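# Have a look at this prediction, sequence included:
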Amino acid sequence: MESERIVPTMCHGCSYGGYNCGMLAHVKDGKFVRVEGNPHHPLNKGKLCAKGQAAVQWVYNEQRLKYPLIRAGEKGEGSFKRISWEEAMSVIAEKIKETKEEYGPEYIMLSKGQSSGWAGLHQFLWIRFMHALGSTSFSNWGPSVCYAPQLMYHKQLIGGPSYARPDYEHADLIVEWFTGGGTGGAARGGVETLDTNLRSIALKIIERVNKGARLIIINPQLIALGANGRVSRWLPVRPGTDGALALSMIHVIIRDKVYDKKFVSEWCEGFDKLSAHVKQYTPAWAEGITGIEAREIEELARDYATTPRACMRVSEAPQKQDLRSFAMAVPILMAITGHLDRPGGNAWFFPAARLGFSTLSNRISSKARERVLGGDTFYIKSSGRHSAFFRNVIEALISGKPYRPRTMLVFGSNPMSTARNPALIAEALKKVDFTVVVDVSKTPTSRYADIVLPAATRYECYGQPGIWENHLTMSHKVIDPLWEARDELEVTLDLASRLGMGKDFWNGDHRAMVADFLKPAGVTLEQLEQSALEGIYLPRTEWMDRRERYEELFKELPDGKIQLYNTVLEKEGFEPLPTYVGETEDPLSAPELSNEYPLMFTDEHSAYINHHSWMRDIPWLREIRKHAFVKINPATAKKYGIDDGDWVDIVSPHGRMKAVAILFEAIRPDTLMSQHGWWQGCDALDLKETPPLQEGTNPNVLYDWDNRDLITGDITKNTMVRIQRGAPPEEVLPVREGL
Ligand code: SF4
């Protein structure tokens with residue numbers, strides 16, 4: 001009998017590039033039995049959120065995909081039969097070869113979801129795999145509905161290699177703009193607070209508020225971070241009007257001359273044009289649009305501008321269709337107030353080393369690069385045509401123009417649940433000749449696959465290193481994969497060998513690959529393994545701790561300066577200044593719809609009990625919230641005869657979804673807030689799977705695919721709806737594994 005042993009690893013309830021909360025996994029008699037937070041890990045300091053606590057239930061969940069499957073019915077039907085790994089892998093390798101020979105490498109497509117992280121080992125390996133094949137048809141489908149499009153605007157406006165994060169530790173004023181209900185990432189400094197999990201960002205904010213910093217929350221609902229008297233001001237902005245609020249803040253700051261004159265004169269261009277442009281955006285004008293009193297806007301703007309150490313965090317675009325006005329106004333606010341790259345403002349944080357290996361981009365011919373789907377869009381061009389544009393991918397799959405990818409590999413991505421317009425996604429998936437889905441769960445997307453492969457959870461996988469600032473650590477395998485699950489990385493290495501590319505892929509040697517990934521840090525795999533509990537602290541560089549690094553950070557901007565009047569966008573035919581347009585489906589722009597659809601609807605993404613479309617099959621988590629939900633103000637609920645816990649129908653001009661009403665005082669009375677990602681059943685609680693399409697539990701059926709940001713293609717998540725009591729959704733039979 002084995003005594004209990006402890007494996008230091010990382011939690012993978014959130015996945016961002018391999019660096020997550022530190023976890024101590026307890027193993028007894030070969031079984032993963034319980035977890036505790038790793039007190040040595042600087043991110044979570046011994047704490048784990050509910051998702052982390054439930055890791056064991058996730059691993060041993062009988063609902064997981066257990067065996068390789070091959071389709072045995074129509075696409076979408078969900079009928080499969082079991083096959084061996086050998087059979088599955090040889091069919092997949094053969095299909096890839098055929099597609100490449102018959103059509104060309106760009107007809108092979110790989111897409112991945114957030115489960116694999118954005119910048120870690122998985123991302124490097126899969127891009128390398130595609131490049132080795134000669135294909136640039138790599139597409140992350142998530143960014144069309146998340147935070148990433150904003151980053152393009154930030155980069156165009158204020159430069160830097162990534163986005164300027166809030167420096168909470170030194171801030172006296174913290175503005176949280178539509179955060180908390182956003183995506184739940186553990187480490188990237190992006191987007192999580194108390195509503196998504198309980199540590200890191202939330203802990204930093206709470207610590208700082210306890211020391212006297214003021215917290216302002218701009219959000220149609222009050223997020224949990226603001227509870228217990230922590231919030232000093234809550235501005236319940238009307239969904240989809242954040243751009244108007246941000247622009248009127250710029251108006252006040254310039255009008256009252258409370259901008260940072262020295263910074264503006266030294267580091268910004270186009271200030272006069274911006275000043276003239278924002279004269280129209282008075283607080284009185286914004287009040288009529290945002291629902292925030294002009295007096296409040298005046299105070300907010302002056303407070304933010306005149307507090308020497310003020311930072312701002314913006315989550316997955318609160319405003320989607322008119323993202324441009326908001327996503328340009330926010331970096332302009334940071335710039336004209338001089339709150340950029342200064343202590344307590346929004347600063348660029350860099351790791352002490354960038355992990356990675358070559359992605360073999362030199363293997364891509366110029367012809368292949370030209371053929372990237374959506375490659376002519378500014379969004380893809382400005383990122384170097386490294387990957388395809390989600391929207392163009394879907395449209396190309398449906399229309400065949402300019403060409404239809406024939407073979408698709410989908411790793412940990414579930415667009416049937418998380419992307420807008422699931423009916424269109426289903427149509428697109430049906431058109432692919434051959435699709436492979438690799439996942440932990442039998443997702444709605446896997447129903448459209450020809451072959452489905454069971455992925456191991458990270459607790460069953462050999463190390464994935466991650467770095468945050470100068471802390472380098474690695475997740476370690478806790479137990480061997482259950483059933484016939486396999487590590488996605490090993491599947492990829494195996495496939496590369498079968499395709500004759502073994503030499504470029506460490507001849508299938510996983511350890512050699514990880515060692516290569518670590519090389520930029522100057523640390524060996526053995527050293528990292530020996531420091532499993534505490535990780536390794538690399539020396540901090542002078543660059544990491546220096547601030548006001550404007551010369552270097554702005555060097556790729558025209559004239560090395562912030563373009564308040566953006567000449568780059570202008571050259572591309574876009575407006576150089578942020579002009580408020582607003583959302584198409586909103587009582588102000590579509591008053592004719594107001595009688596039939598009197599309420600505004602939007603949705604949040606991850607929560608403290610699940611991550612996007614994952615984890616509803618975990619009983620501990622599902623007990624906390626059993627059904628897809630919609631938050632509604634009690635006064636509104638009363639008006640429509642709805643009680644807490646009632647099933648309701650929510651109807652927009654585009655579709656109908658079902659959810660359970662949660663009466664919530666701290667939400668605007670004209671707003672309903674739901675959450676995406678609900679489809680999964682939970683056998684342990686006898687809760688059944690629900691449809692991802694109409695009349696199911698998917699908010700994405702309510703939005704209009706065509707209401708999107710012109711530059712980034714970010715699709716709206718604001719629409720007008722009505723609500724009424726209704727019946728629960730029909731049950732869906734889970735994917736059938738056959739014999
Ligand atoms: S926030 Fe929670 S789910 Fe995310 S990595 Fe940390 S413990 Fe895991």
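Alright, I've got the coordinates.

# Low-confidence ranges, the protein, go.
1-2, 15-17, 114-119, 141-145, 180-200, 316-319, 384-386, 739 (pLDDT under 70).

# Can I get stretch 332-341 as CSV, trimmed to CA atoms?
C-alpha atoms of stretch 332-341 as CSV (Å, rounded to 0.1, in the frame of the first residue of the first chain):
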residue,chain,number,x,y,z
ILE,A,332,-6.3,57.4,-25.3
LEU,A,333,-7.6,57.9,-21.7
MET,A,334,-4.5,56.1,-20.4
ALA,A,335,-2.3,58.2,-22.6
ILE,A,336,-3.6,61.7,-22.1
THR,A,337,-3.7,61.3,-18.3
GLY,A,338,-0.1,60.1,-18.3
HIS,A,339,-1.1,56.9,-16.6
LEU,A,340,1.0,54.8,-18.9
ASP,A,341,4.0,52.8,-17.8
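
# so Lys717 makes contact with Met600?
No: the criterion here is Cβ atoms under 8 Å, and Lys717 misses it with Met600 at 10.9 Å. (Glycine included, C-beta is placed from N, CA and C.)

# which residues touch stretch 529-547?
Outside of stretch 529-547, the residues within contact range by Cβ atoms under 8 Å, 6 or more residues apart in numbering are 7-9, 22, 38, 40-41, 341-343, 347, 349-353, 463, 467, 469-474, 476, 521-523, 527-528, 549.

# among those residues, which are in helices?
By the criterion of DSSP state H, membership of these in helices covers 527-528.

# Filter the contacts of stretch 529-547 down to just the buried residues.
Neighbour counting with 16 or more other Cβ atoms under 10 Å marks 7-9, 22, 38, 40-41, 341-342, 347, 350-353, 463, 467, 469-474, 476, 521, 523, 528 as buried within the contacts of stretch 529-547.

# and the one residue in the stretch 251-400 of the chain that gets nearest to the ligand, how many neighbours?
Among residues of the stretch 251-400 of the chain, the one nearest the ligand by Cβ to the nearest ligand atom turns out to be Ser315. It sits 15.1 Å away. Ser315 has 25 neighbours, counted by other Cβ atoms under 10 Å.

# who's more crowded, Lys717 and Met600?
Lys717 (28 against 23).

# show me what contacts that one?
By Cβ under 8 Å, 6+ apart, the residues touching Lys717 are 145, 320, 420, 602-603, 699, 703.

# try 6 Å
Applying Cβ atoms under 6 Å, 6 or more residues apart in numbering, we find Lys717 in contact with 320, 602-603, 703.

# closest point of the stretch 501-650 of the chain to the ligand, which residue?
Closest point on the stretch 501-650 of the chain to the ligand, by Cβ to the nearest ligand atom, is His611, at 6.8 Å.

# Can you pull the phi/psi pair for that residue?
Torsion angles at His611 (phi, psi; degrees, to the nearest 10) stand at phi -130, psi 110.

# bridging residues for it?
Trp614 (DSSP bridges).

# how close does it sit to Asp322?
Per Cβ to Cβ, to the nearest Å, His611 is found 28 Å from Asp322.

# Give me the more crowded residue out of those two.
Ranked by neighbour count (other Cβ under 10 Å), His611 and Asp322 place Asp322 first, with 30 against 24.

# What separation is there between the closest residue to the more buried one other than its chain neighbours and Arg324?
Of all residues not flanking Asp322 in the chain, Val581 sits nearest, at 4.4 Å (Cβ to Cβ, 6 or more residues apart in numbering). Val581 is 8 Å from Arg324, where distance means Cβ to Cβ.
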